[in-house]
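Colleague: I would like to see how this sequence folds:
(chains A and B)
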Amino acid sequence: MSRKLLLWGVAVLALLALPPILLALQQPFYVDLVRRIMILAIAAVSLNLILGYGGMVSFGHAAYIGVGAYAVGILGFYGVFNGWLHLLVAVVASALVALAIGAVSIRTSGIYFIMITLAFTQMLYYLGISVAEFGGDDGMRLKRRSQLGIVDLNDPVQFYYLALVLMLFSVFLVSKIVNSRFGMALRACNSNEARSRAIGFSPYPYRLAAFVIAGAMCGLAGALYGNHTNYITPGLMTWEQSGDLMFMVILGGMATTAGPVIGTFAFLFGEELIKALLGLKAQGWIEHWQVIMGPLLVLSVLFFRRGLAGIFGKPDA
Amino acid sequence: MLEVRALTKSFGALRATDGVDLDVREGETLAIIGPNGAGKTTLIGQLAGMLLPDGGSIRFAGEDITRLPAPRRARMGLARSFQITSVYKEFTALQNVALAVQAQSGHSFRFWRPAFADASLISPAEKILGEVGLEKRMHVLAASLAHGEQRQLEVAMALATKPRLLLLDEPMAGMGAEESQRMIGFLATLKRRQTMILVEHDMDAVFRLADRISVLVYGRVVATDVPEKIKQNEEVRRAYLGEES
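Modeller: Presented below is the predicted three-dimensional model:
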């Protein structure tokens, strides 16, 4: 336990020190990159609650990134720029969408659950495409970023630290939840459903509650992501985005505290690294980065059965 | 305490439960015996709510529970153990039993306080593990326990739900002779304060523990009586005890 806390301490210090160092080196791009990674890490952490601990293979988690981002975009479209209201609406709207999707899909399991969550997200994706007022397929630019008062999101470094704080908060929150009575019930129903029912747990309400919590957290990530890109498109809700989130969780280590964060960093740094290396060879190769990334991901899953987090210690019981 | 009337359950053409009547009285241990394929586990499944019967009724503690889902029955005090060990393998023995305690102590929509630091879950769990003889193995992952120990854990989890009626589906299955003797000894002390239905192949255990015995053959109860009478019952001997008549 203390060793893990030490590793967390080192990682947090490194992330705290990163912006001044990168700016001194005149590399603002990497501040943006790490900020984006931390925002998506929040989404991965939320997915881990249901995928890793709850055993619900949601193939539509990008839906809540979209809902959160569109909450910011649509409120801004109508001239509402209060950032706290943006975040509140993003979280509540995502929770409600998760409640609706979860209420239906959690009645199924296995491949049906995967397909239903995917189908709902595709519905939202096509909804985004079809609403011309909000840019349809092209999406829309934010008129202004969320106005939070104490934090200026137009300042890349301030935004960076906000993302860091919220990422750490989401990790803390999920680690509290999964060890609480609620979390134990959720994990028990995942571990052995027949036994859980036999001792008196009805899985459905616990799964649905976890699904809603994960959706709400991911909605927060979506609101941040909309502000990060400053541009909102239905592309945020593609099934590729959902798949990437799943991969980040699996790569990092399902049902581990640090796994989704490690997975997100590894996945997105890996992408940048491969692109940079390909760029050295020829500009035209960069777009084929996935040819390299794919096999690497396959190998990592084969060799790190418990995910990259498994390198740093045993999974928490 | 438990009244089963005209219970039927078919799988295709097979009548696994064929008009079963059973009564369990407060405080007694009723053993259900019968040859392989007699429908014992199917019957337990219907009593516990894992399977829904095609017809008939089940009343428990004065309420009709025929259509109630398993978790509701468990919360009413009807607990079962599984013939094929069914525990949380990636949790420790203590966590397994603590979860069973938790399942009976109200809803689990408590999101903050760590369950492993909750004395109201851990203390009763430790006590029950002590009773079944697993106190030295509390912090071992269930997957790493020996087969016999997993069987003990199985019973401990059912007990941790503080059942009014305990359904034990072959608690001695796959155990060595010594382990079986220990389990029988434990059940013999337990039966003084616990109403039980015991499904078991081990005749030694059945005749030591049962107050009454029901004999199930091809989904029907062919006899229900005190152990001495069952031993002498001609039909039972023919059908089950394997004696040439």
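Colleague: quick one: end-to-end length of stretch B:18-33, please.
Modeller: 15 Å (CA to CA, to the nearest Å).
Colleague: any weak-confidence spans in chain B?
Modeller: Scanning chain B for pLDDT under 70 picks out B:239-245.
Colleague: what distance do you get for the residue of it positioned farthest from its centre to A:Ala24?
Modeller: What lies farthest from the middle of chain B is B:Trp112; by CA atoms, centre = their mean that is 33.7 Å. Distance of B:Trp112 to A:Ala24, given as CB to CB, to the nearest Å: 41 Å. Using the backbone N, CA and C atoms, a C-beta is placed for each residue, glycine as well.
Colleague: let me see the ranges of the helices in chain A.
Modeller: For chain A, applying DSSP state H gives helices covering A:2-24, A:28-48, A:62-77, A:83-105, A:110-130, A:156-179, A:181-191, A:193-199, A:203-229, A:239-252, A:259-281, A:289-303.
Colleague: go on, chain B?
Modeller: Taking DSSP H to define them, one finds helices in chain B at B:40-48, B:70-76, B:93-104, B:119-132, B:147-160, B:177-190, B:203-209, B:227-232, B:234-236.
Colleague: looking at those helices, which is buried most?
Modeller: Comparing the helices of chain B by mean neighbour count (mean count of other CB atoms under 10 Å in any protein chain shown), helix B:93-104 comes out on top with a mean of 27.
Colleague: so what's the residue count around the closest residue to A:Ile213 other than its chain neighbours?
Modeller: Computed as CB to CB, 6 or more residues apart in numbering or on different chains, the closest residue to A:Ile213 that is not its neighbour in sequence is A:Leu49, at 6.5 Å. Residues near A:Leu49, counting by other CB atoms under 10 Å in any protein chain shown, number 27.
Colleague: got it, and the one 10 residues further on?
Modeller: As a burial measure, A:Phe59 scores 20 neighbours (other CB under 10 Å).
Colleague: now it: phi and psi?
Modeller: phi -100, psi 30 (degrees, to the nearest 10).
Colleague: mind giving me the domain split of chain B?
Modeller: Domain ranges of chain B: B:1-77+B:164-245, B:88-162, per automatic domain parsing.
Colleague: who wins for proximity to A:Val165 among those domains?
Modeller: domain B:88-162 (19.8 Å; CB to CB).
Colleague: is that closest one up against chain A anywhere?
Modeller: Yes - using CB under 8 Å from any CB of the partner chain, we find that domain B:88-162 touches chain A at B:88-92, B:95, B:98-100, B:102-104, B:108-116, B:118, B:121, B:141, B:157-158, B:160-161.
Colleague: got the end-to-end distance for that domain?
Modeller: 19 Å.
Colleague: was I right to think A:Phe257 contacts A:Ser175?
Modeller: You called it Phe, but residue A:257 is Thr. Yes - at 4.9 Å, A:Thr257 and A:Ser175 qualify as touching, with contact defined as CB atoms under 8 Å.
Colleague: so these two - more neighbours on which side?
Modeller: Per other CB under 10 Å, whichever of A:Thr257 and A:Ser175 has more neighbours is A:Thr257, with 22 against 17.
Colleague: who are the contact partners of the residue of the stretch 201-317 of chain A found nearest chain B?
Modeller: Nearest residue of the stretch 201-317 of chain A to chain B (CB to the nearest CB) works out as A:Ser202 at 4.2 Å. Counting by CB atoms under 8 Å, 6 or more residues apart in numbering or on different chains, A:Ser202 makes contact with B:69, B:71-72.
Colleague: pick out the residue closest to the middle of the chain.
Modeller: Using chain A here. Residue closest to the average C-alpha location in chain A (CA atoms, centre = their mean): A:Ala43, at 1.5 Å.
Colleague: correction: the question concerned chain B.
Modeller: For chain B, B:Leu168 is the residue whose C-alpha lies nearest the centre (CA atoms, centre = their mean; 1.8 Å).
Colleague: can I assume that residue is in contact with B:Met157?
Modeller: No - B:Leu168 lies out of contact with B:Met157 (CB under 8 Å); the separation is 11.8 Å.
Colleague: roughly how far apart are A:Leu96 and chain B?
Modeller: Going from A:Leu96 to chain B by CB to the nearest CB, to the nearest Å gives 19 Å.
Colleague: which pLDDT value does the model give that residue?
Modeller: Confidence at A:Leu96, expressed as pLDDT, is 98.
Colleague: now for it: which residues touch it?
Modeller: Contacts of A:Leu96 by CB under 8 Å, 6+ apart: none found.
Colleague: find the nearest non-adjacent residue to the residue lying farthest from the centre of chain A, please.
Modeller: Relative to the C-alpha centroid of chain A, counting by CA atoms, centre = their mean, A:Ala198 is the outermost residue, at 34.1 Å. Leaving aside its sequence neighbours, A:Ala198 sits nearest to B:Arg80 (CB to CB, 6+ apart; 5.5 Å).
Colleague: who's in contact with that neighbour?
Modeller: Counting by CB under 8 Å, 6+ apart, B:Arg80 has contacts A:198, B:44, B:47-48, B:158, B:166-169.
Colleague: same check on B:Ala74?
Modeller: By CB under 8 Å, 6+ apart, the residues touching B:Ala74 are A:197-200, B:48-49, B:103-104, B:161.
Colleague: cutoff 7 Å now
Modeller: A:198-200, B:103, B:161 (CB atoms under 7 Å, 6 or more residues apart in numbering or on different chains).
Colleague: my guess is B:Val24 meets B:Thr195, correct?
Modeller: Yes - if you go by CB atoms under 7 Å, B:Val24 and B:Thr195 touch, sitting 6.4 Å apart.
Colleague: now do the shared contacts for those two.
Modeller: Shared contacts of B:Val24 and B:Thr195 (CB under 7 Å, 6+ apart): B:1, B:165.
Colleague: follow-up on the earlier one: export the contacts of A:Ser202 to JSON lines and tack on distance to chain A?
Modeller: As requested, those are exported to JSON lines (distance: CB to the nearest CB, whole Å):
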{"residue": "B:Pro69", "distance to chain A": "7"}
{"residue": "B:Pro71", "distance to chain A": "4"}
{"residue": "B:Arg72", "distance to chain A": "8"}
